[in-house]
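Trainee: Next input, structure requested:
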Amino acid sequence: MKNKAAQPGKKILNFISEAGMLKRVARSGWAVLGIKNAESVAEHSYRCAVIGYILAEMESADTYKVLLMALFGDLHEARISDLHKMAQRYIEAAQAEDKSFSEQISLLPEKLRHKLAALRRDYRKQASFESIIARDADILECLVQAKEYFEQGFLQAKHFMKKAPGYLRTKSAKALWRQAKNTSLSSWWFKLGEFKR
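Mentor: Prediction:
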């Protein structure tokens, strides 16, 4: 009897452990540029969620829904890794991502499983304003990261900043990118580090 009661908890712990794998999965696009110790998928997802929350507030949308989409958007990469654009030319990436995600959530309690599956479908179809914001958060995070790498001397990162802005759809994301593109993203911490007499 005890064993049966422990099973749902164990399945949830397995899911949590698998989500932790994202801390060890590197974002492959940056590796193609030769960036050593590039950000992990978990690092990307964290800032994506932060940006998603901010964009949702700016656009007066459902912040909780956007946050969930941003947090779980790349969970499938714990199983199939992060596939850069060259790799995606040779496989059906969307199908592999959806299959992986479906298997990942299959052992979760029914209510949680259905909620995550519905969020995934919404995001995939870009069916709601929140899904559009979550996608913008993902794109904007990549753009900001590319700009940071560019400022650190990885000049090839500028290629990531050419086409991606055209995919931004919300007014807020477009405005933030215009600002980011035309400013130093490290200036805030230089100012904090200035010596005061």
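Trainee: Only C-alpha atoms from now on, for both contacts and neighbour counts.
Mentor: Will do.
Trainee: Any stretches of the chain with poor pLDDT?
Mentor: Flagging of the chain using pLDDT under 70 yields the residue ranges 1-6, 195-197.
Trainee: let's see it at 80
Mentor: 1-8, 190-191, 193-197 (pLDDT under 80).
Trainee: Can you tell me the centre-most residue of it?
Mentor: With distances taken as Cα atoms, centre = their mean, the residue of the chain nearest its centroid is residue 45 (3.6 Å).
Trainee: got the contact list for it?
Mentor: 70, 71, 72, 73, 74 (Cα atoms under 8 Å, 6 or more residues apart in numbering).
Trainee: quick one: which helix or strand includes the closest residue to residue 23 other than its chain neighbours?
Mentor: Leaving out its chain neighbours, the residue that sits closest to residue 23 by Cα to Cα, 6 or more residues apart in numbering is residue 42, at 4.9 Å. Using DSSP states H and E, residue 42 sits within helix 41-58.
Trainee: next helix or strand past that helix?
Mentor: helix 63-72.
Trainee: can you give me the offset of that following helix from its chain's centre?
Mentor: 10 Å (Cα atoms, centre = their mean, to the nearest Å).
Trainee: which helices and strands sit right next to that helix?
Mentor: Contact here means 3 or more Cα pairs under 8 Å, 6 or more residues apart in numbering; DSSP states H and E; on that basis helix 63-72 packs against helix 41-58, helix 110-125, helix 129-151.
Trainee: Over to residue 26: give its phi and psi.
Mentor: With angles defined as degrees, to the nearest 10, residue 26 sits at phi -80, psi 150.
Trainee: So it versus residue 111, what's the distance?
Mentor: From residue 26 across to residue 111, the span is 31 Å (Cα to Cα, to the nearest Å).
Trainee: So if I had to pick from these two, which one is more boxed in?
Mentor: Neighbours per residue, other Cα atoms under 10 Å: of residue 26 and residue 111, the larger number sits with residue 26, 22 against 9.
Trainee: Would you confirm that the more buried one contacts residue 38?
Mentor: Yes: using Cα atoms under 8 Å, residue 26 makes contact with residue 38 at a distance of 6.4 Å.
Trainee: re earlier: now the contacts of residue 45 as CSV including distance to residue 193 and neighbour count?
Mentor: Shown next, in CSV, are the contacts of residue 45 (distance: Cα to Cα, whole Å; neighbours: other Cα atoms under 10 Å):
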residue, distance to residue 193, neighbour count
70, 32, 29
71, 32, 19
72, 35, 16
73, 35, 23
74, 35, 20
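Trainee: in stretch 107-126, what's buried?
Mentor: By neighbour count on 16 or more other Cα atoms under 10 Å, the buried set for stretch 107-126 is 107, 108, 116, 117, 119, 120, 122, 123.
Trainee: just stretch 36-50 next, same as before
Mentor: Quick answer for stretch 36-50 (16+ other Cα under 10 Å): 38, 39, 40, 41, 42, 43, 44, 45, 47, 48, 49, 50.
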